[in-house]
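[1] please find the sequence and the predicted model below.
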Amino acid sequence: MRKNPGVPNNHLTPLDERGPAPDAGTGWDRRRTLDLGRCALAIDVGGTKFAAGIVTELGEIVSARRIANPQGDDAEELYSALVEVIDSVLHAVGVEPDERSALPGIGIATAAPLDRDAGTVSPVNIPAWRGFPLRDRLVERYGLEVRMFGDAVAVAVGEHWRGAAQGRRNVLGMVVSTGIGGGVIIDGRVVPGTTGNAGHIGHISVDPFGPTCVCGGIGCLEAIASGTNIAAWARAHGSEATDAASLAEAARRGEPIALATFRRAGEAIGLAVAGAVTLLDLDVVVIGGGVAAAGSVLFDPIADGYAKYAGLGYASSPRVVPALLGGDAGLIGAAAVVLQADSYWPHAG
């Protein structure tokens, strides 16, 4: 591998770029030899962003890049942007095209729904991709095995492997962001479901008389508590907040509409989580994503909603915790299905 002189930004809008991490304490030390056979190429396809990274067997992110994904209805433009992100990450650690085969594989965390067997994706918030053959396109380009699963499942896996759910056997991981998704780990193993979409808690109804969701359902959790929808509800009730982040700031200042918005969203999440814990007898529920960064203005109503709806004794004690890995959880979880396949990939072996 050669020393990389730098990666041009080209036309992409970077949200975060990370080259090989500097020499530091327990983090990645660039003086160490990068053993590609013990690393994975991880990809995170979200509703509003694409990310890619090189992740070691210890869960260290060696190099990463994140961009806002292009808007519009051109499927190939989206794919080209994703490829550019992936190539820039490989370039940043000096991986030449003829060295890619040393990597054990590619893990993809993608906004759902997806068809695991067909290798296609149809993310609710990426309308340009409907039945898009993402797995096969990446296999063709990079010549590596590709393992693909939902982005919220990746958060569950990442937090179970290296985050807030380490050592727990039965876990629900949730992402509360542009959309709301989830992933389930039972007895230490991922539960994929029939099509790979198990854990999709954002599209269960928490209000049969509630708003119509983008998925076509009525009163879905996502239609009430996603970042997009809480901001819209707040504006409809007189708030001047432009997004979930500014709404959270207003709530921390005690602005009544903002507080009411987070109360509504948090109690809906608590209701959904109480149902999941009651159904599956979970040890812990880990919640991450951009909206979760609001902190106590969201988590306090979640706790109240959970206490209200989790009535049975085994489910009644609090068990909702914030994610520890932040925005890196998706990449770390995507890498885990390659590097820790016995636990996290249902078709391993």
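    The structure has been received and is ready for your questions.
[2] next, count neighbours for Arg130.
    Residues lying near Arg130 (other CB atoms under 10 Å) number 11. From N, CA and C alone the C-beta is placed, and that goes for glycine too.
[3] and it, what is it in contact with?
    In this structure, Arg130 makes contact with Ser122, judged by CB atoms under 8 Å, 6 or more residues apart in numbering.
[4] can you map out the strands along the stretch 151-300 of the chain?
    Taking DSSP state E, counting those that start in this stretch, the strands of the stretch 151-300 of the chain run over residues 171-176, 180-186, 189-190, 284-288.
[5] so of those strands, which one's packed in deepest?
    With neighbours defined as mean count of other CB atoms under 10 Å, the strands of the stretch 151-300 of the chain peak in mean count at strand 171-176, which reaches a mean of 30.
[6] that one - which strands sit beside it in the sheet, and in what orientation?
    Partners of strand 171-176 in the sheet, by DSSP bridges, are strand 180-186 (antiparallel), strand 284-288 (parallel).
[7] tell me the mean pLDDT over the last one?
    When pLDDT is averaged over strand 284-288, the result is 93.
[8] what's next to that strand, contact-wise?
    Against strand 284-288 from outside (CB under 8 Å, 6+ apart): 155-156, 159, 163-165, 168, 170-176, 269, 273, 276-277, 299, 302, 319-323, 325-326, 329.
[9] closest to Ser63 out of the strands of the stretch 151-300 of the chain?
    Judged by CB to CB, the one of the strands of the stretch 151-300 of the chain that comes nearest to Ser63 is strand 284-288, at 21.9 Å.
[10] contacting residues around Ala156?
    By CB under 8 Å, 6+ apart, Ala156 lies in contact with 165, 171-174, 182-185, 190, 199, 286, 333.
[11] ok, Gly238 next?
    Gly238 is in contact with Ile257, counting by CB under 8 Å, 6+ apart.
[12] show the pLDDT at Ala24.
    Ala24 carries a pLDDT value of 32.
[13] returning to that earlier point: show me the contacts of strand 284-288 that map onto helices.
    Val155, Ala156, Glu159, Ile269, Val273, Ala276, Val277, Phe299, Ile302, Ala329 (DSSP state H).
[14] pretty sure the fifth one is touching Leu172, no?
    Yes: between Val273 and Leu172 there is a contact at 7.2 Å, judged by CB atoms under 8 Å.
[15] give the residues shared as contacts by those two.
    The contact lists of Val273 and Leu172 share Ile201, Val285, where a contact means CB under 8 Å, 6+ apart.
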